[in-house]
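> Turn this into a model:
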Amino acid sequence: MDSLNRHEQLLRVFHLIDILFGARHPLSTAELKERLQSRGVIDEMSDKNLRRDIAFLTRFGYAVKESRKRSARGGECLAWSIQAGRGAAELAAPTVALTELLSLAVARDFLAPLAGTVYWRGLAQLFAKLEQIVTPELLAYVEAHRDGLVVHPKPTAGKYRSRMLNALHDAIRNAQEIEIRYTSLADAGPRKSVIRPEALVVYDGSIYIAACRVPSPGDRRRGRDADGIRFYKLDRVRAVKVTSRTFTRRTEPIESLLADSITLYRDQNEPRAYRVRVDPARAKWACEKPFHPRQTVRTLADGAVVLDIARAWDEEMIPQLLALGEHVEVLEPRDVRERLVETARRIAARYEGGTAPQATRRRIGG
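So this is what the prediction gives:
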């Protein structure tokens, strides 16, 4: 059986389980097909294929009882019902559609960084319900044939301490200030900060705290006010302490703050407009990625594209532009063109007029 037919059969089987569990009396072949059609699972289906799906259930541990009942035309016909299974235990009726629960198997890969939080516990509880109505044999079969979807790089489960994640979740929900010990890339060691957490953001397999930093007494003496939203990478947080001080949540959602960002970059300065030309060799990549979430694309006669980006930050755009090398040209802003020229000169100077040191050559050559 090919992959598509196998997936179609699994979809029918899950609906059959749901239908049989919910039935108060044995259902005939015609009744089963009618209910599958009403759910939009099938258009037409032969009696032979339906019997094959029922045999599939029996094979994977479901106690399907075959009986006979009177048909709508007055004759006798075959009918099926779910009987006691797994020894003496009665299988519980499902409370959530099986197809919805099964799709959560994929969600585990994406939610792995949240292991230990209320979100992960909720997912585990749903899987516990799934295990009550799906036999171990069928779960193993589905896992063995769950082809066609790979999450890469796969987030690491248990990467963060569950106690810290739960404390952050409670602080966000209750709008409480927290004290953190945080090591930025510019710091040699952790520094204490007080922040007002707005949300947890999962990005590229890591968790970030979207928060505003509360000014210290020294900041206030120097006339510094509260910062805007920053993103604190949880990998660099050494300790979290929830305080009793509360704050008023921002009215602007975090999602809207990220609309102008390629990654999680934020700057106190206003973003500005960019116009970028991308050579034909990288044009498809720039459109499919996309290069920026709010870009508009204009295709030129030679296959190159011009990207108009209304709002972007220099410090986020420039590394992306350098990654495309000679395949990209900044048309606007003018000062970014000049900055890239100077960067290119410094890169060229590093490689011109000499060879790599002997120790470096040995490492390159193995």
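
> Does the helix or strand hosting residue 345 pack against any helices or strands, and if so which?
Using DSSP states H and E, residue 345 maps to helix 334-351. If you count contacts as 3 or more CB pairs under 8 Å, 6 or more residues apart in numbering; DSSP states H and E, helix 334-351 packs onto helix 314-323, strand 328-332. In this view, the C-beta of every residue, glycine as well, is placed from N, C-alpha and C.

> Next, the buried residues of that helix.
336, 340 (16 or more other CB atoms under 10 Å).

> quick revisit: weakest of the helices and strands packed on helix 334-351 by average pLDDT?
In terms of average pLDDT, helix 314-323 trails the rest of those, at a mean of 89.

> helices or strands up against that helix?
When contacts are defined as 3+ CB pairs under 8 Å, 6+ apart, helix 314-323 packs onto strand 272-278, helix 334-351.

> Determine the angle, from 0 to 180 degrees, between it and strand 328-332.
Put simply, helix 314-323 runs at 140 degrees to strand 328-332, going by axes from the mean of the first three to the mean of the last three CA atoms, to 10 degrees.

> Give me the buried stretch members for helix 314-323, please.
Those would be 314, 316-318, 320-321, for helix 314-323 by 16+ other CB under 10 Å.

> Now distance to residue 37 too, for these, in CSV please.
Listed next are the buried residues of helix 314-323 as CSV, based on distance: CB to CB, whole Å:
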residue, distance to residue 37
314, 58
316, 52
317, 53
318, 57
320, 51
321, 55
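
> wait, which of those residues is closest to residue 34?
Using CB to CB, residue 320 is the member of the buried residues of helix 314-323 that lies nearest residue 34, at 55.6 Å.

> Tell me the span between the first and last residue of stretch 299-314.
Counting by CA to CA, to the nearest Å, you get 24 Å between the two ends of stretch 299-314.

> Okay, buried residues for that stretch please.
Buried, per 16+ other CB under 10 Å, within stretch 299-314: 304-309, 312-314.

> circling back to that earlier point, a markdown table for the helices and strands packed on helix 314-323, including mean pLDDT and distance to residue 82?
Converted to a markdown table, the helices and strands packed on helix 314-323 look like this (pLDDT from 0 to 100; distance: least, CB to CB, whole Å):
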| stretch | mean pLDDT | distance to residue 82 |
| --- | --- | --- |
| strand 272-278 | 94 | 59 |
| helix 334-351 | 92 | 67 |
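
> looking at these, which is closest to residue 284?
Judged by CB to CB, the one of the helices and strands packed on helix 314-323 that comes nearest to residue 284 is strand 272-278, at 9.4 Å.
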